[in-house]
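Chemist: Return atomic coordinates for the entry below.
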Amino acid sequence: MKITFQKDKNNRLSLRCEREDGTSTYTILKSPASVYHDLAHLAVERTLGFRKAFFGLLAQGFDIPDFEAKREERPAELLPANLPLEALQTEHIVNLLITEHFNSGKMSDFLSILNQSLIAAGLALPDELNEDTLAIIRDDFAELQEQWSTLPVEHSISYSFPWD
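Modeler: Below is the predicted model:
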């Protein structure tokens, strides 16, 4: 699947995913924060090798608007009780990364805070996540943010799924 983030001439931000079978899904991202959220997903999912989180679910045929819909309007498979473990874990990691990003600094106790959040939700810390992989995620996220912030208007940036 080809994952493309784009800035258009009207400064609208979009995300398009083109699947191997020729189908695609698309959305206008409502704010720069939405872009950072999806870039954080990219950093987390590809660093941890996750194939059943947001981008993996899109590759399986779900559409981006399915995730944006009110809970009662979502497909049953996308309700929290039915999501794959990787998808649930990823959302917690991404939310903490975004908190870190908008608060302008790395949290020294990131993994401890994350673990508490996951335990409260009845989830376990991913086996693949440790201080070393967290450093890789942070570096990847910073690089993705830099690529995005320097991307000229009317240009796009693309990535591939599954992760290699």
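
Chemist: so where's the protein uncertain?
Modeler: 164 (pLDDT under 70).

Chemist: Kindly provide the distance from the spatially most central residue of the chain to Ser108.
Modeler: Central residue of the chain (CA atoms, centre = their mean): His41, 1.7 Å from the mean position. Distance from His41 to Ser108, counting by CB to CB, to the nearest Å: 24 Å. All C-beta atoms are positioned from the backbone trio N, CA, C, and that covers glycine.

Chemist: do the same with Ala76
Modeler: 40 Å.

Chemist: same check, this time on Phe5
Modeler: For Phe5, the distance to Ser108 - CB to CB - is 30 Å.

Chemist: Over to Glu68?
Modeler: Taken as CB to CB, the span from Glu68 to Ser108 is 34 Å.

Chemist: out of the two, which sits in the more crowded spot?
Modeler: Neighbour count, other CB atoms under 10 Å: between Glu68 and Ser108, Glu68 has more, with 12 against 8.

Chemist: Secondary structure element for the closest residue in space to the more buried one that isn't next to it in sequence, which one?
Modeler: Leaving aside its sequence neighbours, Glu68 sits nearest to Thr27 (CB to CB, 6 or more residues apart in numbering; 6.8 Å). If you go by DSSP states H and E, Thr27 is part of strand 24-29.

Chemist: Need the residues that contact the helix or strand that comes right after that strand.
Modeler: Per DSSP H and E, the first helix or strand lying C-terminal to strand 24-29 is helix 32-48. If you take CB atoms under 8 Å, 6 or more residues apart in numbering as the criterion, helix 32-48 is touched by 3, 5, 13, 15, 29, 50-51, 53-56, 86, 90, 93-94, 97-98, 101-102, 126, 128-129, 133, 136-138, 140-141, 144-145, 148, 159, 161, 163.
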